[in-house]
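**Student:** predicted coordinates and the sequence they were generated for:
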Amino acid sequence: MSFTLPALPFAVGALSARGMCQETLELHHGKHHNAYVTALNGLVEKNDALKGKSLEDIVRLAYGKDDLQPVFNNAGQHWNHSVFWESLSPNGGGIPGVLEKKLVEDFGGVEQFKEQFKAAALGQFGSGWAWLVLAPTGKLKIVKTPNAATPLATGEGKVLLVLDVWEHAYYVDFRNRRPDFTDNFLNRLANYENAAAKLQKA
Ligand code: MN3
């Protein structure tokens with residue numbers, strides 16, 4: 001069975017009033033993400049050891065293996081983008097009490113969390129991702145990863161929220177201004193409801 005592009009959990013134009021226009025989502029979801037899914041299916045088709053495995057298993061299995069790097073890149077990007085769409089909301093930016101309490105406990109406050117997350121998003125040189133994860137210690141933690149790398153593979157924690165900081169994520173809406181893109185995400189787009197639900201399930 002081949003992998004498929006998941007539908008966006010909102011209408012393609014639903015974020016346009018909040019700093020992510022329809023053109024961005026048509027390109028990012030319909031072209032970039034779709035291309036990773038298509039490439040992954042082609043690679044799995046040619047590799048009997050990968051056939052029938054889940055996406056999560058393929059990401060973990062291919063991580064750090066030179067001969068499977070193209071598999072890792074496309075599987076990682078498929079998984080990362082799938083979580084990214086869940087991290088966005090047309091009603092984003094509001095932090096539920098259960099998550100706010102944990103952010104205060106582990107970062108000292110909501111603003112401190114946002115500062116650390118922004119530092120990770122800006123500190124990722126070149127392409128990559130900024131993540132809020134629940135670390136194996138039970139504490140929330142900010143992580144950044146390059147290219148297709150993902151906490152799913154590194155074991156740094158269970159992912160609650162992620163921001164794509166590849167240029168294709170923000171150039172249409174914010175040109176070269178990654179700081180503004182990150183602020184807009186943290187304050188107006190981030191689906192903290194989804195993050196809180198993942199925290200409660202963990
Ligand atoms: Mn992307």
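**Tutor:** Ah, there it is.
**Student:** and the closest residue in space to residue 134 that isn't next to it in sequence, backbone torsions?
**Tutor:** Distance criterion Cβ to Cβ, 6 or more residues apart in numbering; nearest residue to residue 134, sequence neighbours excluded, is residue 158 at 4.6 Å. To be clear about C-beta, it is placed using only N, CA and C from the backbone, and glycine gets the same treatment. Per-residue torsions, residue 158: phi -80, psi 130 (degrees, to the nearest 10).
**Student:** distance check, residue 158 against the ion.
**Tutor:** 21 Å (Cβ to the ion, to the nearest Å).
**Student:** average model confidence for the strand or helix carrying residue 102?
**Tutor:** Per DSSP states H and E, residue 102 falls inside helix 97-107. Mean pLDDT, computed over helix 97-107, is 98.
**Student:** that one packs against which elements?
**Tutor:** helix 110-123, strand 140-146, helix 192-201 (3 or more Cβ pairs under 8 Å, 6 or more residues apart in numbering; DSSP states H and E).
**Student:** tell me what the last one is packed against?
**Tutor:** What it means is helix 192-201. helix 97-107, strand 128-134, strand 158-164.
**Student:** list the buried residues of stretch 143-158.
**Tutor:** 143-145, 147-153, 156-157 (16 or more other Cβ atoms under 10 Å).
**Student:** could I get the longest helix along the chain in CSV with only the CA atoms?
**Tutor:** In terms of residue count, the longest helix belonging to the chain (DSSP state H) is helix 69-86. Output of helix 69-86 as CSV, limited to C-alpha atoms (Å, rounded to 0.1, in the frame of the first residue of the first chain):
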residue,chain,number,x,y,z
GLN,A,69,19.3,8.8,3.1
PRO,A,70,16.9,9.6,0.2
VAL,A,71,14.3,7.4,1.9
PHE,A,72,14.9,9.2,5.2
ASN,A,73,14.7,12.6,3.6
ASN,A,74,11.3,11.9,1.9
ALA,A,75,9.8,9.9,4.8
GLY,A,76,10.9,12.4,7.3
GLN,A,77,9.5,15.3,5.3
HIS,A,78,6.2,13.5,4.8
TRP,A,79,5.9,12.9,8.6
ASN,A,80,7.1,16.4,9.5
HIS,A,81,4.7,18.1,7.2
SER,A,82,1.8,15.9,8.3
VAL,A,83,2.4,17.2,11.9
PHE,A,84,3.0,20.7,10.7
TRP,A,85,-0.6,21.0,9.2
GLU,A,86,-2.0,19.8,12.6
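**Student:** start and end of stretch 100-113, how far apart?
**Tutor:** 10 Å (Cα to Cα, to the nearest Å).
**Student:** residues touching it, excluding its own?
**Tutor:** Applying Cβ atoms under 8 Å, 6 or more residues apart in numbering, the contact partners of stretch 100-113 are 95, 116, 132, 139-142, 199.
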